[in-house]
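> return atomic coordinates for the entry below.
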Amino acid sequence: MKKIILLTLFYSSIATAQKEGIVYPKGKWYFGAEIGTNKITSFEVGGDKTSFQGGVLAEYYFGKQWSVEGKIKYFKTGVSFRQSSSWLTDSYSGDFKGDQIAFPIAIKWEFRLYKNLKGNLKTGLVLNVETYSSYKNYFPEPEKDFKKFNLGFMLGYGLNYFISEKNAIFIDYEGYIGGSKGDVETLFGNSSKPTLNTLFNLGYKHQFKF
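Here you go, the predicted structure:
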């Protein structure tokens, strides 16, 4: 229901926007903010998987269809896993819950769908800084000295609509892979358990001249 409301607001803005000529953002800076939902997909057992999240962004278009985008995001994350022992593997378990500030930097490719409505694909790296961390039920080893700073990876896709040369609204989905918070044993060796988050964003950005 939350996603339906956000999508309705997005498309209503497009329908009521004034008609403008084709916008060419090359060489321009845009700054904005976004809100949305966060789903923790690395909770295999238990845990509150869905929550709200938000952030701010800066984007520079260095080409007709290319831009570099930086964000500051705040959202919850976590990992939970259980593995029973067998004749080939031992028992493993762990529960991690945390809050983090993420600093993703991505390269984005935009392609025109209709006039000023564009689709996009993006990928990049993410620096994660944990502001809260809780470790429980780790076995066979107690909680390790996991780092509060870690480097991750992100992928995303979405829609961007230029209301005018200076104003745009957008929606996108982003998948974040963070630092490892545990390991289990498999037939092919140890397998790490990184934090995994899927974010849905609805946002607005404005073009400033420098």
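> contacts and neighbour counts: CA atoms only from here.
OK.
> residue contacts, the nearest residue to Thr77 once chain neighbours are set aside?
Nearest residue to Thr77, sequence neighbours excluded (Cα to Cα, 6 or more residues apart in numbering): Gly98, at 5.3 Å. Going by Cα atoms under 8 Å, 6 or more residues apart in numbering, Gly98 touches Lys76, Thr77, Gly78, Glu130, Thr131, Tyr132, Ser133, Ser134.
> what about stretch 134-146, how long is it end to end?
11 Å (Cα to Cα, to the nearest Å).
> for Val129, list each beta-bridge partner.
Ile101, Phe149 (DSSP bridges).
> what residues are up against it?
Gln100, Ile101, Ala102, Lys148, Phe149, Asn150.
> most neighbours out of these, which is it?
Using other Cα atoms under 10 Å as the neighbour test, the contacts of Val129 are led by Ala102, with 23 neighbours.
> tell me how far the nearest residue to that one once chain neighbours are set aside lies from Tyr161.
Distance criterion Cα to Cα, 6+ apart; nearest residue to Ala102, sequence neighbours excluded, is Asn128 at 4.5 Å. Noted for Asn128: a distance of 29 Å to Tyr161, by Cα to Cα.
> for the protein, what spans make up the helices?
Shown for the chain, the helices assigned by DSSP state H span residues 2-16.
> lowest confidence element among the helices and strands of it?
The helix or strand of the chain with the poorest confidence is helix 2-16; it has a mean of 50 (mean pLDDT, DSSP states H and E).
> before we move on, back to that, among the contacts of Gly98, which lie within strands?
In strands, defined here by DSSP state E, the members of those are Lys76, Thr77, Gly78, Glu130, Thr131, Tyr132, Ser133, Ser134.
> still on that earlier bit, between the contacts of Gly98, identify the one with the most neighbours.
When neighbours are counted by other Cα under 10 Å, Thr77 leads the contacts of Gly98 with 28 neighbours.
> that one and Asp95 touch, don't they?
No - using Cα atoms under 8 Å, Thr77 is not in contact with Asp95; the gap is 11.2 Å.
> report the beta-bridge partners for the residue nearest the centre of the chain.
Nearest to the mean C-alpha position of the chain, by Cα atoms, centre = their mean, lies Glu174 at 4.0 Å. On the basis of DSSP bridges, Glu174 is bridged to Gly156, Leu199.
> same question, Val68
In this entry, Val68 is beta-bridged to Tyr60, Ile107, by DSSP bridges.
> for it, give me the pLDDT.
We have a pLDDT of 98 for Val68.
> that one: neighbouring residues, count only.
So Val68, with other Cα under 10 Å, has 19 neighbours.
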